[in-house]
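> structure of the sequence below:
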Amino acid sequence: MAISRAQLLKELLPGLNALFGLEYKKYENEDEAIYETETSERSFEEELKLSGFGTAPVKAEGSAISYDNAQEVWTARYNHETIAMGFSITEEAMEDNLYDSLSSRYTKALARSMAYTKQVKAAFPLNNGFSGGSFVSGDGVTLFNTAHPLVSGATNNNTQSTPADLNETSLEAAVIQIAGWKDERGLLIAARPRKLIVPPNLMFVATRLLETELRTATADNDINAIKTNGTIPEGYSVNHYLTDTDSYYLITDVPNGMKHFVRTPMSTSMDGDFDTGNVRYKARERYSYGVSDPLGIWGSPGA
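The predicted structure follows:
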């Protein structure tokens, strides 16, 4: 449906002092704190997880050497989605001196809508990655799971067995848990957290936990070990698109974790419709958000 003069009667009358409602600020590119961004030239992308070797056995004198097997484990697939939106302005509205104001104002509104949608898409794996959620990783279980299966028969855990709110104890426990992660054959991974991701409701808690010199919520004159040890070197970032107000996440230094593929960057275009004389505007982009190695992130839904 085209934007017509009937929808903009007040703008045609003299004495109008201001127009408002489309110039709100927006939260910019909060997905960049979570995802690595890569470009894509295909309709989808796949990334394959491999299994290495186990621990080397002792070779007895005179005995034959032992041989081990490597194998493919599972595949992470990124299906790119096309996101597009547009609007049109009637020929009559343009004739009545509304063209310049409408095209400028609503192309900005269109850009804001596209940017907002992208941030919602980026937050989807985090919002839906816990038990009962709809987002699963390549190993067939939810993104945040207490039993990510390994070739060795063991499992990795990138969430809490008993969910707990963000505090000093739960954050330290998460760091210790990450330090115990193993690869597919049971070898320890030297994994560390890099950044804490929180909703706005937890930003003050995050500041106290990461930036104060002494421990919080205690009368003891102890140092803040999290800060002193540089446990989370990149600090924290707030994501306003998280739907659970007490959830929190740790981005780790495990490579090929959370990924964002850009198939087609956002582009805008306009053209005229011959039959109606209306002018149409559209914005379009194509991308995907997902995860290759779920050990690239640790998450908690809170208590």
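
> report the buried residues of stretch 295-303.
Neighbour-count burial for stretch 295-303 flags 295-302 (criterion: 16 or more other CB atoms under 10 Å). Yep, even glycine has a C-beta here, placed from its N, CA and C like the rest.

> same deal with stretch 136-149?
136-139, 141-145, 148-149.

> likewise for stretch 256-265?
257-261, 263.

> export those residues to CSV and tack on distance to residue 190, secondary structure and pLDDT?
CSV is the format used below for the buried residues of stretch 256-265 (distance: CB to CB, whole Å; DSSP: H, G, I helix; E, B strand; the rest coil; pLDDT from 0 to 100):
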residue, distance to residue 190, secondary structure, pLDDT
257, 15, coil, 97
258, 19, strand, 98
259, 21, strand, 98
260, 25, strand, 98
261, 27, strand, 98
263, 33, strand, 97
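
> widest-spaced pair of the residues you listed?
257 and 263 (20.0 Å; CB to CB).

> just to revisit the earlier point, nearest to residue 202, of the buried residues of stretch 136-149?
Closest to residue 202, out of all of the buried residues of stretch 136-149 and judged by CB to CB, is residue 144, at 16.7 Å.

> can you give me the offset of the worst-scoring helix or strand of the chain on mean pLDDT from its chain's centre?
The helix or strand of the chain with the lowest confidence, counting by mean pLDDT, DSSP states H and E, is helix 91-93 at a mean of 78. Helix 91-93 sits 42 Å away from the centroid of its parent chain (CA atoms, centre = their mean, to the nearest Å).

> correct me, but residue 40 touches residue 46?
No. At 10.8 Å, residue 40 and residue 46 do not qualify as touching, with contact defined as CB atoms under 8 Å.

> which residues sit against stretch 62-72?
48-54, 56-57, 59, 151 (CB atoms under 8 Å, 6 or more residues apart in numbering).

> I'd like to know which of these are buried.
49, 51, 54, 151.

> report the two of those separated the most.
Pairwise over these, using CB to CB, the maximum falls at 49 and 54, 16.3 Å.

> mind listing what's buried in the least confident helix or strand of the chain?
Here helix 91-93 shows 91, 93 as buried, counting by 16+ other CB under 10 Å.

> same question, stretch 162-178
164, 166, 168, 170-171, 174-175, 177-178.

> repeat that for stretch 211-225.
Buried-residue list, stretch 211-225, by 16+ other CB under 10 Å: 215, 224.

> kindly report the same for stretch 194-203.
Those would be 194-199, 201-202, for stretch 194-203 by 16+ other CB under 10 Å.

> got the contact list for that stretch?
By CB under 8 Å, 6+ apart, the list of residues contacting stretch 194-203 reads 33-34, 126, 166, 171, 205-206, 210, 232-240, 242, 244-253.

> so the residue nearest in space to the middle of the chain is in which element?
Nearest to the geometric centre of the chain sits residue 122, at 4.1 Å (CA atoms, centre = their mean). Assessed by DSSP states H and E, residue 122 sits inside helix 99-127.

> go on, residue 302?
Going by DSSP H and E, residue 302 is not part of any helix or strand.

> and the nearest residue in space to it that is not next to it in sequence, helix, strand or coil?
Closest residue in space to residue 302, ignoring its immediate chain neighbours: residue 246 at 3.0 Å, by CB to CB, 6 or more residues apart in numbering. Three-state assignment for residue 246 (DSSP: H, G, I helix; E, B strand; the rest coil): coil.
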